[in-house]
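>>> Quick check, what structure comes out for this input:
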Amino acid sequence: LLVSSVIGKDRIIFATKEDHETPSSAELVADDPDDPYEEHGLILPNGDINWNCPCLGGMASGPCGEQFKSAFSCFHYSTEEIKGSDCVDQFRAMQECMQKYPDLYPQEDENEEKSSKDLEATSEEASAAREEKGSS
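The predicted model follows:
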């Protein structure tokens, strides 16, 4: 006998000892090894790209997902001597799209620029300090 009551937003269910003695009727479904959405990593057994791989961090489904897929597919299937050298246009389109969404796709260059500006400021301060010492 299950007894259920609602208190505020919570539902409290009381189970009797007899409730726990009967076996569960839940059915377990075996994983389908041919399911392309299962965790196979970045490349599926048939060689296709697994766009649902968590390793892509959602890049394939964001606002620039189509551009990402195009660039990544081009690189993956590239047969050029320098792999991906034939994909410049696709990567440029992806980069241009990502620049429209800086909150979603932070640019590494911004961090590098900030670091170099910090270094410049530090070296300018050091130069100014040396000049002050030299003038006294």
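
>>> which residues of this protein fall in strands?
3-7, 10-14 (DSSP state E).

>>> least reliable of these going by mean pLDDT?
Ranked by mean pLDDT, the strands of the chain bottom out at strand 3-7, which scores a mean of 57.

>>> Could you check how far the residue lying closest to L44 once chain neighbours are set aside is from K100?
Using C-beta to C-beta, 6 or more residues apart in numbering and skipping residues adjacent in sequence, the residue nearest L44 is N50, 5.0 Å away. No exception for glycine: its C-beta is placed from N, CA and C like everyone else's. The gap separating N50 from K100 is 27 Å, by C-beta to C-beta, to the nearest Å.

>>> Name the residue in these two with the higher neighbour count.
Using other C-beta atoms under 10 Å as the criterion, N50 and K100 rank with N50 on top: 19 against 10.

>>> ok, the more buried one - contacts?
Going by C-beta atoms under 8 Å, 6 or more residues apart in numbering, N50 touches P36, H40, G41, L42, I43, L44.

>>> Kindly reformat these as JSON lines containing neighbour count.
Compiled in JSON lines, these are given as follows (neighbours: other C-beta atoms under 10 Å):
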{"residue": "P36", "neighbour count": "13"}
{"residue": "H40", "neighbour count": "16"}
{"residue": "G41", "neighbour count": "10"}
{"residue": "L42", "neighbour count": "13"}
{"residue": "I43", "neighbour count": "12"}
{"residue": "L44", "neighbour count": "17"}
